[in-house]
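Enquirer: no sequence on hand, only this structure:
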Ligand SMILES: N=CN[C@@H](CCC(=O)O)C(=O)O
Ligand SMILES: [Zn+2]
């Protein structure tokens, strides 16, 4: 029997149109895992009787948050590297000396799958406690077939065992592992060979590449995208973070779901993203921690109508951040997004960046994923920082304790 639930006595921010979509004294009826009715309580049809009723005490209810770019599964930590950077070393110089991503690769390979799971689960819990109901998790710290598979299995298990929706992204082309030094093209051949094997194990929802001077070239990126295309897997790209490689235009030409980082994005890249409906994922945590000098071209993206998402980019090197509302706050203060843009960036546009159209707003037919906040207005999601106003989280109409 489909369970029908009534969630009432809430101020709703539906985000279903182009504004906040506020509904005072609102109610939502869910049937099974989806929203069956949403509106002011006064208009609730009598036929909408529910088997369960939840009084939300006048709190603010928003769509569940979507963190569309994380590297959540890894071993170790990189506080020493952060200290080196604070003492003057650059991210690139540390990477070229075999630190950076490769130091996390060593720690990840040394960790057991159970350890990787426990550590990632604790991080996921912190994100979830602050309103996240959908989480993208990339591999990219294993860099062997088996180590990449382990990380993707851990990510899948998080989705199965926790009340959370997880999307997995294969990022084998994240860094060149030591055993392939000087043989980047051979490593890309290996990555292209692993992809169908991982896909056959149902471990891959999308494919990503780090296209950068300290990552992979556009030509190597293209080879990975061709392998993804053969399997009809969507692609996304770490693009134009530290330099303009023309990666965004390349990714957009493959119909990429998103291009992420984008501090060095060119007008041609923006035009290609616009043409191909590719979302821009902004990552203020990495921008802040690397003390980058150059802002992503927000005004031009806005002008072009490219959807802008915001994510934590949680990773041990450049963004050990575990609060998506904090990233929305930083997207406003650092990148000058409006509060509405930033909140759409962690809900409906983040869902779009994952190719998901069934979440991110409160509307009939959408997944019943929402967060309840001790706030009066959704603009407070980008106002407060350093505390957690999230009170309840509901995933597919099931309440998760926070
Ligand atoms: N830029 C590449 N990948 C990560 C950083 C990974 C790391 O430094 O461990 C990012 O998205 O910022
Ligand atoms: Zn990343």
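Expert: Received, thanks. The shown structure was predicted, so the numbers you read here are calculated from the model rather than taken from an experiment. Ligands and ions are numbered 1, 2, ... in the order given.

Enquirer: just the element for residue 358, please.
Expert: Following DSSP states H and E, one finds residue 358 outside all helices and strands.

Enquirer: how far away is it from residue 267?
Expert: Using Cβ to Cβ, to the nearest Å, residue 358 is found at 33 Å from residue 267. Just so you know, the C-beta spots here come from the backbone N, C-alpha and C atoms, and that holds for glycine as well.

Enquirer: which one of those two has more residues nearby?
Expert: Per other Cβ atoms under 10 Å, whichever of residue 358 and residue 267 has more neighbours is residue 358, with 14 against 10.

Enquirer: so that one sits right up against residue 368, yeah?
Expert: No. At 10.4 Å, residue 358 and residue 368 do not qualify as touching, with contact defined as Cβ atoms under 8 Å.

Enquirer: how many residues are close by the residue of the chain found nearest ligand 1?
Expert: Here the residue of the chain nearest ligand 1 is residue 317; by Cβ to the nearest ligand atom that distance is 2.5 Å. Per other Cβ under 10 Å, the neighbour tally for residue 317 reads 25.

Enquirer: which phi and psi values does it adopt?
Expert: Summarising the backbone geometry of residue 317 under the convention degrees, to the nearest 10, its torsions are phi -100, psi -50.

Enquirer: just the one 5 residues further on next, same as before
Expert: Summarising the backbone geometry of residue 322 under the convention degrees, to the nearest 10, its torsions are phi -130, psi 30.

Enquirer: list the residues that contact it.
Expert: Under the criterion of Cβ atoms under 8 Å, 6 or more residues apart in numbering, the contact partners of residue 322 comprise 123, 126, 127, 130, 312, 314.

Enquirer: please pick the buried ones from those residues.
Expert: For those, a neighbour count by 16 or more other Cβ atoms under 10 Å gives the buried set as 123, 127, 130, 312, 314.

Enquirer: looking at the residues you listed, which are in helices?
Expert: Cross-referencing the buried ones among the contacts of residue 322 with the helices (criterion: DSSP state H) gives 123, 127 as the overlap.

Enquirer: tell me the one of the buried ones among the contacts of residue 322 nearest residue 51?
Expert: Nearest to residue 51 out of the buried ones among the contacts of residue 322 is residue 130 (Cβ to Cβ; 29.6 Å).

Enquirer: residues from the stretch 1-150 of the chain in reach of ligand 1?
Expert: 71, 100, 101, 104 (Cβ under 6 Å from any ligand atom).

Enquirer: can you give me the neighbour number for the last one?
Expert: By other Cβ under 10 Å, the residues close to residue 104 number 24.

Enquirer: repeat for residue 88
Expert: When neighbours are defined as other Cβ under 10 Å, residue 88 has 7 of them.

Enquirer: so how far is residue 100 from it?
Expert: Computed as Cβ to Cβ, the residue 88 to residue 100 distance reads 16 Å.

Enquirer: over to residue 51?
Expert: The separation that residue 51 has from residue 100, given Cβ to Cβ, amounts to 53 Å.

Enquirer: just residue 369 next, same as before
Expert: As judged by Cβ to Cβ, residue 369 and residue 100 stand 35 Å apart.

Enquirer: compare those two (neighbour count), which wins?
Expert: In this comparison of residue 369 against residue 100, neighbours counted by other Cβ under 10 Å, the higher total goes to residue 369 at 30 against 21.

Enquirer: is it correct that that one is in contact with residue 63?
Expert: Yes. Between residue 369 and residue 63 a contact is recorded at 6.5 Å, counting by Cβ under 8 Å.

Enquirer: which residues are in contact with both of these two?
Expert: The contact sets of residue 369 and residue 63 overlap at residue 359 (Cβ under 8 Å, 6+ apart).

Enquirer: how about the secondary structure of the residue nearest to residue 263 when sequence neighbours are not counted?
Expert: Here the nearest residue to residue 263 in space, its sequence neighbours aside, is residue 294; by Cβ to Cβ, 6 or more residues apart in numbering that works out to 4.8 Å. For residue 294, the reduced secondary structure class is coil; criterion used: DSSP: H, G, I helix; E, B strand; the rest coil.
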